[in-house]
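A.B. asks: Make a model of this:
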Amino acid sequence: MKTALIQMNSVADKAANLAQARRLIEEACAQERPDWIGLPEVFDFLGGTREEKLAASEILREGPAYALAAELSAKHGVFIHAGSLLERNAGGDGLSNTTIVFDRKGREIALYRKIHMFDVVTPDGAAYRESALFTPGTELTTYEAEGLTFGCAICYDLRFPALFQALAARGVDAFVLPAAFTLLTGKDHWEVLCRARAIETQSYFLAPAQIGPHRIKDEIRHTYGHSLVCDPWGHVLAKASDAPGFVCARLDRALVQKTRAANPVASQRRPFA
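C.D. replies: Residues are numbered from 1 along each chain as shown. Have a look, this model is predicted:
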């Protein structure tokens, strides 16, 4: 399977973000003819105020971000793992950070809502309070595509290995982690954590990411980018540069099987009380 990871610089302008996503998907399909495409976290809207986020959010299966991914997956005959979008909760006063996956005919085949909320103060003093607006998901999600089983996660989930072990127990061959990792933490932790999750689970790891500046109220913040694909041995097969664009890599289930046979950690794992 040939995969393409789309790296974006989404901002607090939904129309511009969707136009950027369309352009990059069209370019990737024209130049690389992938089987599967992954978008970054909150590809539809990043930054802004609480009110702007709520205004840009979509009722599930009714908004333009959802329609765009469905349209382009059918048009190009590709799987699209639509990063995540802002899903408006019932009542309209809160959001979910939601991944939707479409098959080659534009049909929805999977849905995942981000489980771990990014509630931290980074070393530079920037405060993030995701749980003030977002409702955490509760369900693990996997899906099948071209003989591979994919497991879903989003951004801050990366720091919780138990999530990936639970998905691995469901037979996952490749993890997908759309992200908007902060620049400050990304430069030290992004690649090493992605590689660690691949090595621990002996699976492919695909991480399409946001890159560059966006506005939060009156503050400019930066995401790290460096979208990447790791193989089951932890090697980086492809990594994006410091700009919007895309990178491609091929997945081979035989390599997953070979890696696990050579180092059978799953069968050697011991339970703990």
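A.B. asks: In this structure Gln20 contacts Val11, no?
C.D. replies: No: counting by Cβ atoms under 8 Å, Gln20 sits too far from Val11 to count as a contact (9.2 Å). All C-beta spots, glycine's among them, are computed from the backbone N, C-alpha and C.
A.B. asks: For the stretch 51-200 of the chain, which segments count as helices?
C.D. replies: 64-76, 161-168, 183-201 (DSSP state H, counting those that start in this stretch).
A.B. asks: Pull out the buried residues from the first one.
C.D. replies: Taking 16 or more other Cβ atoms under 10 Å as the basis for neighbour counts, the residues of helix 64-76 that come out buried are 65-66, 68-74, 76.
A.B. asks: ok, those vs Ala145, which is closest?
C.D. replies: Ser73 (11.3 Å; Cβ to Cβ).
A.B. asks: give the contact list for the closest one.
C.D. replies: Taking Cβ atoms under 8 Å, 6 or more residues apart in numbering, we find Ser73 in contact with 37, 79-80, 102-106.
A.B. asks: ok, now Val78?
C.D. replies: Val78 makes contact with 29, 34-37, 72, 104 under the criterion Cβ under 8 Å, 6+ apart.
A.B. asks: hmm, try it at 10 Å
C.D. replies: Val78 makes contacts with 2-4, 25, 28-29, 33-37, 72, 102-104, 106, as judged by Cβ atoms under 10 Å, 6 or more residues apart in numbering.
A.B. asks: And the furthest pair within those?
C.D. replies: Checking the contacts of Val78 with Cβ to Cβ, the most distant pair is Lys2 and Gly106, at 19.1 Å.
A.B. asks: These two: which has the busier surroundings?
C.D. replies: Gly106 (18 against 15; other Cβ atoms under 10 Å).
A.B. asks: Spatially nearest residue to the more buried one, not counting backbone neighbours?
C.D. replies: Ala74 (3.1 Å; Cβ to Cβ, 6 or more residues apart in numbering).
A.B. asks: Check Leu5 too.
C.D. replies: Nearest one to Leu5, counting by Cβ to Cβ, 6+ apart, is Pro208 at 4.1 Å.
A.B. asks: my guess is the one you found contacts Ala28, does it?
C.D. replies: No: using Cβ atoms under 10 Å, Pro208 is not in contact with Ala28, being 11.1 Å away.
A.B. asks: How many residues are close by Lys217?
C.D. replies: 10.
A.B. asks: can you tell me the distance between the two ends of stretch 150-160?
C.D. replies: In stretch 150-160, first residue to last residue: 18 Å (Cα to Cα, to the nearest Å).
A.B. asks: and that stretch, which residues are buried?
C.D. replies: 150-158.
A.B. asks: quick one: that stretch to chain centroid distance?
C.D. replies: 8 Å (Cα atoms, centre = their mean, to the nearest Å).
A.B. asks: Which parts of the stretch 51-200 of the chain are strands?
C.D. replies: Using DSSP state E, counting those that start in this stretch, the strands of the stretch 51-200 of the chain run over 79-81, 85-88, 95-102, 108-113, 119-121, 127-129, 142-145, 148-152, 174-176.
A.B. asks: TSV for those, including distance to Ala168 and mean pLDDT?
C.D. replies: Shown next, in TSV, are the strands of the stretch 51-200 of the chain (distance: least, Cβ to Cβ, whole Å; pLDDT from 0 to 100):
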stretch	distance to Ala168	mean pLDDT
strand 79-81	18	99
strand 85-88	26	98
strand 95-102	18	98
strand 108-113	16	98
strand 119-121	26	91
strand 127-129	28	90
strand 142-145	10	98
strand 148-152	7	98
strand 174-176	9	98
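A.B. asks: so can I have TSV of those showing distance to Leu193?
C.D. replies: Formatted as TSV, the strands of the stretch 51-200 of the chain follow (distance: least, Cβ to Cβ, whole Å):
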stretch	distance to Leu193
strand 79-81	19
strand 85-88	24
strand 95-102	19
strand 108-113	19
strand 119-121	15
strand 127-129	17
strand 142-145	21
strand 148-152	16
strand 174-176	12
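A.B. asks: Which one, of the ones you listed, ends up nearest to Arg197?
C.D. replies: Across the strands of the stretch 51-200 of the chain, closest to Arg197 is strand 174-176 (Cβ to Cβ), at 6.4 Å.
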